[in-house]
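S.K.: How does the following fold in three dimensions:
(one chain, ligands or ions: 2)
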Amino acid sequence: MNVIQEIPVIDFSLFETDPQKCSQLVFDAARNVGFFYLRNFGIPVEKVKEIFGMSKSFFELSKEEKTKYAIDVKGNLGYSAMRQEVADPGKHSKGDCKESFHIAKLNKTNAPQPLPDMFTSNKNDVGQFIAACHTLVGKILICLGTGLEIPESKGGKMWFHDRHPYEGPSNDVLRLLHYPALDHANDTDDIRIGRHSDYGSLTLLFQNEVGGLEVEKGPGGEWLSAPVMPDCVTVNLGDCLEYWTKGLLRSTKHRVVFKPETQTKPRYSMAYFCQGGPALLEPVPSRWIPADADVKTELPKDNKEILTASDHLYHKLTTTYIY
Ligand SMILES: O=C(O)CCC(=O)C(=O)O
Ligand SMILES: [Fe+2]
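M.R.: Ligands and ions are numbered 1, 2, ... in the order given. Presented below is the predicted three-dimensional model:
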C-alpha cells in the first residue's frame, strides 16, 4: 500500500465532457488515496449554505429540545450528543467532542422521522439537497464501475450504481455535524472525531471554513491535513467499497483534530453517507481483482453474520455508540 502524499482535486465537469478521463482520475484517486476533492460537482454553493444555516439553528436549540430527537441504533436517525459517539474506542474512550443529527431522505409529504421546525418548514429544500447528493454519488459510482472495467454481461459500469438505488432500503443519511469550540483541548484525550473509516460506500463531506480533518497516510500512522477547499466537496470511500474490491479501493482512516488555530472556533460540517443497504458484500467481477487476492481490510472476514452492507453498518454502529 503506497503512502499518501496528497489529495487530488478533480474537475467533475469532466463527467459530462470527457467521462473516460473523469473515470480514470476518480478510479486512480480511489485506489491510491481513498480521498479526493471535486470541483464543479453540480450542487450550487448556495444550496450547501442553506443547509448549513438550518444545521446551525438546530444545534442552537437547548439540549433538552435536541434530546427529543435522540438517535436509536436501529434507525440510525436523529440526534447524537457530545461524546455519545466513540469513533476510536481504543484511543479516545471519552468519546468525540461533537454532536450530530442524522436525516433520512424525505420529500414534501413524507419524512420517516420526527423533525424540528427548521427542517419541516424547509422539507422541499432538504429533500432536494439529499436527492442531489445521491445523484452525485451515483455518478462517482459509475466512474468506479468504469475504472474497474466490469464486463457488460456482469453489470458493467453500472455495477455499483445499481446497488445503490435512491428508491429502496438504502440506509443513506445526511449527517449534520457540530464540533463546539473548546478552550483547553487536551491532545491525548480530546478529539473532535477519533480515527475511523466510514462504514458505507461513499461519503460526500461538506466542510465549512474551520479545518481540522486529517487523513492517515499509510501503515506508518502519519497524518496528512485535508484542508477546507473553497467550492469543493471532499469525497471518501467507505469500508464496503474496500470489501467489494478486496482491498483494491481504499477506505482510508481519518479524524478531526483540535489545532491551536481552530480549537476556539466551532466547526460545522455535513456528511452524506451513501450506504449499500441490502447489497451483498461479494467481490466485484473485475480483472483488476484477482480471485485469490488477499482481503486487506479490517472487516471481520470470518464473521459469517456480516453478509450485506447493512450488516456491516449495524455491526459498526453497535460498537461505536453509547445509547
Ligand atoms: O467533520 C468531518 O470533517 C469529518 C466527519 C467524519 O469523518 C464522519 O462523520 O464520518
Ligand atoms: Fe468519517
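S.K.: C-alpha from now on. contacts and neighbour counts both.
M.R.: Noted.
S.K.: for ligand 1, what are the nearby residues on the protein?
M.R.: Proximity of the chain to ligand 1, by Cα under 6 Å from any ligand atom, involves residues Asp198, Leu213, Ser269, Ala271.
S.K.: again, only this time at 8 Å
M.R.: Residues of the chain lying close to ligand 1 (Cα under 8 Å from any ligand atom) are 175, 177, 179, 193, 196-198, 203, 205-207, 211-213, 254-256, 267-271.
S.K.: Inside strands: which ones of these?
M.R.: With strands taken from DSSP state E, the overlap with the residues of the chain next to ligand 1 comprises 175, 177, 179, 193, 196, 203, 205-207, 213, 254-256, 267-271.
S.K.: Give the burial count for the nearest residue to Arg255 once chain neighbours are set aside, as a bare number.
M.R.: Excluding the flanking residues, the one nearest Arg255 by Cα to Cα, 6 or more residues apart in numbering is Arg195, at 4.6 Å. Residue neighbour count, defined by other Cα atoms under 10 Å, stands at 22 for Arg195.
S.K.: Please give me every residue in contact with Arg195.
M.R.: The contact partners of Arg195, taken as Cα atoms under 8 Å, 6 or more residues apart in numbering, are Ala87, Asp88, Lys253, His254, Arg255, Val256.
S.K.: what about Cys143, neighbour count?
M.R.: Neighbours around Cys143, by other Cα under 10 Å: 26.
S.K.: Hmm, I typed the wrong one, I wanted Pro219.
M.R.: 9.
S.K.: Are any of the residues of the chain next to ligand 1 buried, and if so which?
M.R.: The neighbour-count criterion (16 or more other Cα atoms under 10 Å) marks 175, 177, 179, 193, 196-198, 203, 205-207, 211-213, 254-256, 267-271 among the residues of the chain next to ligand 1 as buried.
S.K.: which residues does the residue nearest to Lys157 when sequence neighbours are not counted contact?
M.R.: Nearest non-adjacent residue to Lys157, counting by Cα to Cα, 6+ apart: Gly145, 3.9 Å away. Contact analysis of Gly145 by Cα under 8 Å, 6+ apart lists Gly156, Lys157, Met158, Trp159, Phe160, His161.
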